[in-house]
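[1] Need a 3D model of the following:
(one chain, ligands or ions: 1)
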Amino acid sequence: MPIVAGQDRSREVKVLAGQVRVLVNTIETAAAAAANRARERGADEAQVARAAEQARARAVQRMSRAVDRGAACAGMDTEDFFPISGHATRARMEAADALAVCEACQVRARCLALAVLTPAGRYGIWGGLVEGEIRQLRAALAAEGVAG
Ligand code: SF4
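    Okay, the predicted model is just below:
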């Protein structure tokens, strides 16, 4: 695995975070559009909220299917993607081989977006980030009001 250290690593995470931000915003835009359509049809607020939730769920499902289709880790032992250490640096060393696969994965940003958007994303490696890094990203996006 090529060692991506220091500044390069934080630049890489920043770029990924930007891509995840765009993906999550796209989903929120679709949810808002669905809510507006429901409102225009005369739906009450509970129905409007439900329409938005359904649109969100459909978008996440589509994203999940795209990740399944493009995953570079397809067929690999999933255990490699669940380092034991909760410490980010140690987890990255432990899972170096799995992370190298993520680096070349075409659906990396979408995979990471799923980690931010779904409960399953609380565990393991997603989008080339380990749990502690994903937690930080989720918190940063939540602080911006992007996800949470
Ligand atoms: S980014 Fe990594 S974990 Fe996600 S689909 Fe690609 S190879 Fe698998």
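[2] Using neighbour counts, pick out the buried residues of the longest helix anywhere in the chain.
    For the chain, the helix with the greatest residue count under DSSP state H is helix 6-40. Buried residues in helix 6-40, counted by 16 or more other C-beta atoms under 10 Å: 13, 16-17, 19-21, 23-24, 27-28, 30-31, 34-35, 38. (Each C-beta comes from the backbone N, C-alpha and C, glycine too.)
[3] just checking, what packs against that helix?
    Packing partners of helix 6-40 (3 or more C-beta pairs under 8 Å, 6 or more residues apart in numbering; DSSP states H and E): helix 45-70, helix 108-117, helix 131-143.
[4] List the residues that contact the residue most central in space within the chain.
    What sits nearest the mean C-alpha location of the chain, by C-alpha atoms, centre = their mean, is Ala113, with 1.9 Å. Residues near Ala113 by C-beta atoms under 8 Å, 6 or more residues apart in numbering: 19-20, 23-24, 63, 127.
[5] Could you list the residues of this protein in contact with the ligand?
    67, 71-73, 81, 101-102, 105, 107-108, 111, 125-128 (C-beta under 6 Å from any ligand atom).
[6] run the last query once more with 8 Å
    67, 70-74, 76, 81, 98-99, 101-102, 104-108, 111-112, 124-128 (C-beta under 8 Å from any ligand atom).
[7] From the residues you listed, list just the buried residues.
    Buried members of the residues of the chain next to the ligand, scored by 16+ other C-beta under 10 Å, are 67, 71-73, 81, 98-99, 101-102, 105, 107-108, 111-112, 124-128.
[8] and the residue of the chain positioned farthest from its centre, what pLDDT?
    In the chain, the greatest distance from the average C-alpha position (C-alpha atoms, centre = their mean) is reached by Gly42, at 33.9 Å. At Gly42, the model reports a pLDDT of 97.
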